[in-house]
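Visitor: the sequence and its predicted three-dimensional model are supplied below.
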Amino acid sequence: MVRDTDAAQTDVARGRVPPFSLEAEQGVLGSILLDAAGIMDLAIESQIAPESFYTPAHQVIYAAMVALHTSGRAVDTVTLKEYLESHKLLDRMGGAAYLLQLVDATITTAHAPHYLNIVREKFLLRAIISCARKAENDCFDPDSQADKLLSEVEQNFLNITENQHGSVTQWSDAVTEVMEHVEKVFQTRKGVGTAISTGFHNLDQLLIGFRGGEMIVLAARPSMGKTSLAMNIAEHVALGSLDPDNTSRAVGIFSLEMNYSSLVQRMLCCRAGIPGDSLQRGFVTSDFHRRLVQAASILQKAPIYMDDTGGLDVMELRARARRMKKKYNIELIVIDYLQLLNCREYARQGRQLETSAISSNLKAMAKELQVPVLVLSQLSRAPEQRSGSEGKPKLSDLRDSGAIEQDADVVLMLRRPCKYPGSEGSDDPTLAIVDVAKHRNGQTGDVIMNFEDSYTRFRDRATGVDEPPGVAAVHIPQDDEVPEDA
């Protein structure tokens, strides 16, 4: 990390020396010289880097140690002295006498883990000071924008913690944990865990719900109903529909296309079962009004948190989602839609690279917050130009970048045959097909649904009742169909 020299000198003049421990740094280097085979790997595993040391001479010495270790050579006073001499660095770190001084100052290598922890902690404190100092300097820049700066500062501080590794999980503990889950499934005969129900039986049957850390892409051509399907899922999750415990879960929605009033109006009409255009035309009967009031009383209790800021930078969206997670403990994030996001860092390098950066950031956000992130995406015009395909989209049709396909854990392709005259099922205006084109942890296939266009409401399509010829609905086993014995 680059040190602000002027500010550091000012701190020293005030008697404020940046946090560091000379003894701990010497203890780490001396321990490596005494037992490189055991301590060097421990230092690397602890993420000790040359910049983790405050003293410049120690940075030079440790960098040389890493270079020797990486090349497979022994690390001791002889090889280290030879390496430093060949690279004309010996004088910068105090000469060969200082290497011997490090060894003499280290009584035992048994305390090496303690020394490593001290060096790591002091480095993190200096990193925090550096981030705070940069934020302070940027605040005095007359061209700074508060919202943008706040997002960058939050991300800079987050980067400090992201550089820390988690602990290694014991294999026996991992097996025990998985078997505990298996026992619960065996006892209840139902899938249990942290998966979140979408509110649609047929879709849950194939996906087994949404899982934390997953990036789910819902892609479609315009006017297919992808926003409606996403809002239906958000409503189900927030109200606890079809959840095994009937538990409502907080949902965060980032709507870059529609403002909050339009989305709320759509959800109210959908819940009340009245045509949305009736409200826009001012045609509201007493019955419509009664149903809207009832729908509003239910939706008011839903833990839904909406951000309708347009043209968000992906880093700013991550910062807002982070705060939303901390404040409201959201368990599902919906983003409508990916192509309306920006990434300033790659804005001038072409839309394909920019979209790749946006996609990777959204996947990183899902893993960081450990919540499923449902991302809506546009498709290219290829499905409409493809002859004989009945408008069926492919993964390669994801617009702007193939990185979306690679980063996503699940890709859902929504299509409505009625939009393609002459295709099979085009005479059924309610038919909607969700093609699970990619499922990293499960099966793929088509899920058919009903879509009531005037109410923007998706529903499950019953088996053997209202599926069109040639398209089979997903069959969901009932409790009495489960065998007595496994």
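Guide: That came through, no problem.

Visitor: element containing the residue lying farthest from the centre of the chain?
Guide: Taking Cα atoms, centre = their mean, the residue of the chain most remote from its mean C-alpha position is residue 97, at 50.4 Å. Secondary structure assigned from DSSP states H and E places residue 97 in helix 96-105.

Visitor: who's in contact with the residue lying closest to residue 32 once chain neighbours are set aside?
Guide: Once flanking residues are discounted, residue 32 sits nearest to residue 39: 4.8 Å by Cβ to Cβ, 6 or more residues apart in numbering. For the C-beta atoms, the positions are set from N, CA and C on the backbone; glycine is no exception. Each residue near residue 39 by Cβ atoms under 8 Å, 6 or more residues apart in numbering is listed here: 28, 31, 32, 109, 112.

Visitor: go again using 6 Å as the cut-off
Guide: The contact partners of residue 39, taken as Cβ atoms under 6 Å, 6 or more residues apart in numbering, are 31, 32, 112.

Visitor: now stretch 351-369: how far from the chain's centre is it?
Guide: Stretch 351-369 has its C-alpha centroid displaced from the chain centroid by 8 Å (Cα atoms, centre = their mean, to the nearest Å).

Visitor: ditto for stretch 37-53
Guide: With Cα atoms, centre = their mean as the basis, stretch 37-53 stands 29 Å off its chain's centre.

Visitor: what's the pLDDT at the residue nearest to residue 32?
Guide: Reading off the confidence values, residue 39 has pLDDT 88.

Visitor: name the next helix or strand downstream of the helix or strand harbouring it, please.
Guide: In the assignment (DSSP H and E), residue 39 maps to helix 36-45. As assigned by DSSP H and E, the chain's next helix or strand after helix 36-45 is helix 56-70.

Visitor: what does that following helix rub up against?
Guide: Helix 56-70 has contacts (Cβ under 6 Å, 6+ apart) with 25, 29, 32, 40, 50, 53, 75, 79-80, 83-84, 89, 92-94.

Visitor: narrow those to those in helices?
Guide: In helices, judged by DSSP state H, the following of the contacts of helix 56-70 are found: 25, 29, 32, 40, 79, 80, 83, 84.

Visitor: would you point out the most distant pair within those?
Guide: Greatest spatial distance among the ones in helices among the contacts of helix 56-70 (Cβ to Cβ): 25 and 79, at 20.4 Å.

Visitor: verify the contact between residue 288 and residue 274 for me.
Guide: Yes - assessed by Cβ atoms under 6 Å, residue 288 is found in contact with residue 274 at 4.9 Å.

Visitor: more crowded one of the two?
Guide: The neighbour comparison of residue 288 against residue 274 (other Cβ atoms under 10 Å) goes to residue 274, with 22 against 17.

Visitor: can you classify that one as helix, strand or coil?
Guide: Following DSSP: H, G, I helix; E, B strand; the rest coil, the label given to residue 274 is coil.

Visitor: residues contacting it?
Guide: Listed by Cβ under 6 Å, 6+ apart, the contact partners of residue 274 are residue 288.

Visitor: rerun that using 10 Å as the cut-off
Guide: Counting by Cβ atoms under 10 Å, 6 or more residues apart in numbering, residue 274 touches 268, 283, 284, 285, 287, 288, 289, 291, 292, 295, 454, 455.

Visitor: again, but for residue 328
Guide: By Cβ under 10 Å, 6+ apart, the contact list for residue 328 reads 250, 251, 252, 303, 304, 305.

Visitor: how much space separates the fifth one from residue 395?
Guide: Read it as residue 304. In this view, residue 304 and residue 395 are 30 Å apart by Cβ to Cβ, to the nearest Å.

Visitor: of the two, who's got more company?
Guide: Counted by other Cβ under 10 Å, residue 304 and residue 395 do not tie: residue 304 has more neighbours, with 25 against 17.

Visitor: next, give phi and psi for the more buried one.
Guide: Dihedral pair for residue 304: phi -110, psi 130, per degrees, to the nearest 10.

Visitor: give me the pLDDT for it.
Guide: Taking residue 304 on its own, its pLDDT is 88.

Visitor: which residues does it bridge with?
Guide: Residues in a beta bridge with residue 304, per DSSP bridges, are residue 251.

Visitor: make 45 the first number, not 1, from now on.
Guide: Understood, numbering begins at 45; the last thing we discussed is residue 348.

Visitor: residues contacting it?
Guide: Shown in contact with residue 348 (Cβ under 10 Å, 6+ apart): 275, 278-279, 281-283, 292, 294-297, 307-308, 311, 372, 374, 376, 378.

Visitor: could you dump the ones in helices among the contacts of helix 100-114 to CSV with neighbour count and distance to residue 202?
Guide: As requested, the ones in helices among the contacts of helix 100-114 are exported to CSV (neighbours: other Cβ atoms under 10 Å; distance: Cβ to Cβ, whole Å):
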residue, neighbour count, distance to residue 202
69, 24, 27
73, 29, 30
76, 28, 31
84, 19, 29
123, 16, 39
124, 26, 36
127, 20, 36
128, 21, 36
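
Visitor: tell me which of the contacts of residue 83 is nearest to residue 383?
Guide: Taking Cβ to Cβ as the measure, residue 383 lies nearest residue 76 of the contacts of residue 83, at 50.6 Å.

Visitor: so what's the closest one up against?
Guide: Residues counted as contacts of residue 76 (Cβ under 10 Å, 6+ apart) are 82-84, 86-87, 92, 105-106, 109-110, 113, 119-120, 124, 146, 150, 153, 156.

Visitor: likewise residue 419?
Guide: So residue 419 contacts 259-263, 274, 298, 377-382, 385, 402-403, 406-407, 410, 448, 451-452, 455 (Cβ under 10 Å, 6+ apart).

Visitor: the longest helix anywhere in the chain packs against which elements?
Guide: In terms of residue count, the longest helix belonging to the chain (DSSP H) is helix 156-183. With contacts taken as 3 or more Cβ pairs under 10 Å, 6 or more residues apart in numbering; DSSP states H and E, helix 156-183 sits against helix 49-57, helix 66-78, helix 80-89, helix 190-206.

Visitor: ok, which of those helices comes nearest residue 470?
Guide: Ranking the helices and strands packed on helix 156-183 by proximity to residue 470 (Cβ to Cβ) places helix 190-206 first, at 46.1 Å.

Visitor: how far away from the center of its chain is that closest one?
Guide: Mean-position distance between helix 190-206 and its chain equals 16 Å (Cα atoms, centre = their mean).

Visitor: and the angle for that helix with helix 156-183?
Guide: Per axes from the mean of the first three to the mean of the last three Cα atoms, to 10 degrees, the angle that helix 190-206 makes with helix 156-183 is 170 degrees.

Visitor: other SSEs contacting helix 190-206?
Guide: Packed against helix 190-206 by the contact rule (3+ Cβ pairs under 10 Å, 6+ apart) you find helix 156-183, helix 358-372, helix 395-413.

Visitor: can you say which of these is packed in most?
Guide: Highest mean neighbour count among these (mean count of other Cβ atoms under 10 Å): helix 395-413, with a mean of 20.

Visitor: mind listing what's buried along stretch 457-477?
Guide: Residues 457-464, 467, 469-470, 472, 474-477 are the ones in stretch 457-477 that count as buried (16 or more other Cβ atoms under 10 Å).

Visitor: does residue 60 count as helix, strand or coil?
Guide: Three-state call for residue 60 (three-state DSSP): coil.

Visitor: and the gap between it and residue 69?
Guide: Distance, residue 60 to residue 69, using Cβ to Cβ: 19 Å.
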